[in-house]
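[1] Predicted structure and sequence below. I'll ask about it afterward.
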Amino acid sequence: MRSRAHRWSLFFSALLGLGVLSGCAKSNSETSNEVVVWHWMTDREDALQKLADQYQKDHGVKVRLELYAPSDAYSSRVRAAAQTNTLPDIFGVLGESRDLASFIKSGYILNLEDAMNENNGAWHKAFFAKALANNTFEAGNQYEVPPGIYGVPIDVTNIQMLYNKDLFKQAGLDPEKAPETWREFIQDWHKLKAAGIPGLASGWGETWMIDCFASNYAFNIMGEKKVLDTFRGKVAYTDPDWIQVLSIFDDIRKEDLLVSGVVTMINKTAEQTFANGKAAFAFNGSWCVNVYRGMNPSLNYSAMLPPKISNRNPMRIWGGAGSSFMVNARSQHQKEAVDFLRWLTGADQQAALSKETMNLPANKSSVGQLPPLLAAFGSQMDVTTHPSQWPVAENPMVIEAFDKGIQSILIGEKTPEQIAEEVEKRKRELAAH
């Protein structure tokens with residue numbers, strides 16, 4: 001997630017100078033009557049192929065899928081194809097906004113604004129608003145990209161909490177009633193703990209997940225404006241609201257809420273812990289539905305928003321577009337490529353893709369057709385936020401000090417007040433340079 005260690009950022013190579021490369025070479029499918037799609041999604045290969053076959057049957061247009069994996073190999077292939085002007089009709093850019101901007105400025109990605117707004121914006125309106133955000137550049141953006149929509153999301157993701165229904169029942173709790181407030185959460189935890197059930201598992205050895213959890217509560221406690229003003233240097237990390245955010249982790253320590261080793265645990269281990277019924281709660285993303293299905297198909301659980309502390313501001317969770325496709329601006333089959341992506345992101349196709357792959361659809365009309373677990377994640381897309389969408393970003397070194405400071409709080413090494421002072425000092429030092 002951008003400078004905040006985005007889980008989905010897969011390469012960071014700048015693509016400057018692409019626009020001056022030779023334009024004489026033909027694109028991957030200029031000489032054929034088929035639409036060529038390059039992708040990296042091994043878990044979606046079969047489902048995408050079924051849809052491509054259906055599209056050819058219904059519309060008479062062949063769509064040829066070419067899988068290149070793993071993702072770093074895919075990214076290398078896309079970069080090489082850009083240099084020789086042999087990109088396919090449809091491809092994806094795996095990386096940060098600046099990577100996408102480099103492709104756009106070099107003339108390799110079609111602006112889909114007009115296509116999205118045809119028929120009173122029917123295509124545009126079909127998506128969750130946050131699904132389009134990562135592929136959209138507004139006027140006056142820092143990358144100087146012409147405003148527009150440059151990608152088509154085929155799925156979305158968000159990060160919530162999960163709870164094990166069977167363990168809730170074992171502790172005498174209502175398995176259909178997740179705690180909504182922090183007070184209810186702690187009360188439920190006391191009953192779970194009394195029944196000998198471990199608490200929360202999450203990959204907090206990966207500091208971006210700590211940062212995600214903390215930002216949920218920063219938005220809830222102080223609101224978006226104050227959080228962003230902190231990044232701008234207008235609010236200090238020693239402010240009482242930030243102390244309260246840090247104190248959540250001290251409360252977690254005092255309540256003995258974490259399963260053993262969470263502070264150094266990678267998320268894959270945390271996923272296995274929750275899947276095996278060795279934790280009542282987890283903090284994880286919507287991708288976990290597919291992960292847990294592979295680890296333990298009988299796991300009985302559901303998603304829940306992190307329990308709120310304050311009623312002053314809404315709880316916000318990280319989320320947005322998962323995988324997206326772009327149309328080659330130099331393709332001879334632009335119309336066919338756009339038509340296929342419009343069809344692929346239709347409600348029925350999105351529902352079919354989601355049921356096969358257990359990924360959240362980007363089309364909001366598909367949520368009603370989803371299995372309950374996915375629907376629980378999809379129902380909260382309207383409350384998502386994402387660092388890549390914020391108008392200002394915190395210095396990565398400040399983020400590192402903040403996240404590692406939380407780890408120190410969790411092991412009882414330092415207090416929230418001490419970490420607040422250290423983070424603010426670090427921010428001032430960096431600003432002075």
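    Nice, thanks for sending it over. Numbers count the residues shown, from 1 in each chain.

[2] ok, residue 133 - contacts?
    320-321, 386, 388-389 (Cβ atoms under 8 Å, 6 or more residues apart in numbering). Just so you know, the C-beta spots here come from the backbone N, C-alpha and C atoms, and that holds for glycine as well.

[3] how does the protein divide up, domain by domain?
    Domain assignment for the chain by automatic domain parsing gives 18-154+323-345, 159-317+391-432.

[4] quick one, which of those is nearest to residue 371?
    Smallest distance to residue 371 across the domains of the chain (Cβ to Cβ): 8.2 Å, for domain 159-317+391-432.

[5] Tell me how far the closest one lies from the chain's centre.
    Here domain 159-317+391-432 shows a centroid-to-chain-centroid distance of 16 Å under the convention Cα atoms, centre = their mean, to the nearest Å.

[6] same thing with stretch 97-114?
    The answer for stretch 97-114 is 21 Å, by Cα atoms, centre = their mean.

[7] Can you list the buried residues in that stretch?
    97, 99-112 (16 or more other Cβ atoms under 10 Å).

[8] Among those residues, which one sits closest to residue 352?
    Nearest to residue 352 among the buried residues of stretch 97-114, counting by Cβ to Cβ, is residue 112 at 22.7 Å.

[9] Tell me if I'm right that that closest one and residue 338 touch.
    Yes - if you go by Cβ atoms under 8 Å, residue 112 and residue 338 touch, sitting 7.0 Å apart.

[10] Return every residue with contacts to both of these two.
    Shared contacts of residue 112 and residue 338, counting by Cβ under 8 Å, 6+ apart, come down to residue 327.

[11] Would you mind listing the buried residues in the helix or strand bottoming out on mean pLDDT in the chain?
    Within the chain, no helix or strand scores below helix 129-133, which has a mean of 86 by mean pLDDT, DSSP states H and E. By 16+ other Cβ under 10 Å, the buried positions in helix 129-133 come out as 130-133.

[12] Redo these as CSV? Include distance to residue 325.
    As requested, the buried residues of helix 129-133 are exported to CSV (distance: Cβ to Cβ, whole Å):
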residue, distance to residue 325
130, 17
131, 12
132, 13
133, 16
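
[13] Please produce JSON lines containing the domains of the chain, extended by distance to residue 365.
    Below are those laid out as JSON lines (distance: least, Cβ to Cβ, whole Å):
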{"stretch": "domain 18-154+323-345", "distance to residue 365": "6"}
{"stretch": "domain 159-317+391-432", "distance to residue 365": "18"}
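
[14] can you pull out the strands in the stretch 51-200 of the chain?
    63-67, 90-91, 136-137, 148-149, 152-153, 155-164, 200-201 (DSSP state E, counting those that start in this stretch).

[15] how many neighbours does residue 88 have?
    By other Cβ atoms under 10 Å, 23 other residues sit near residue 88.

[16] buried residues in stretch 256-271?
    Buried-residue list, stretch 256-271, by 16+ other Cβ under 10 Å: 257-259, 262-263, 265, 267, 270-271.
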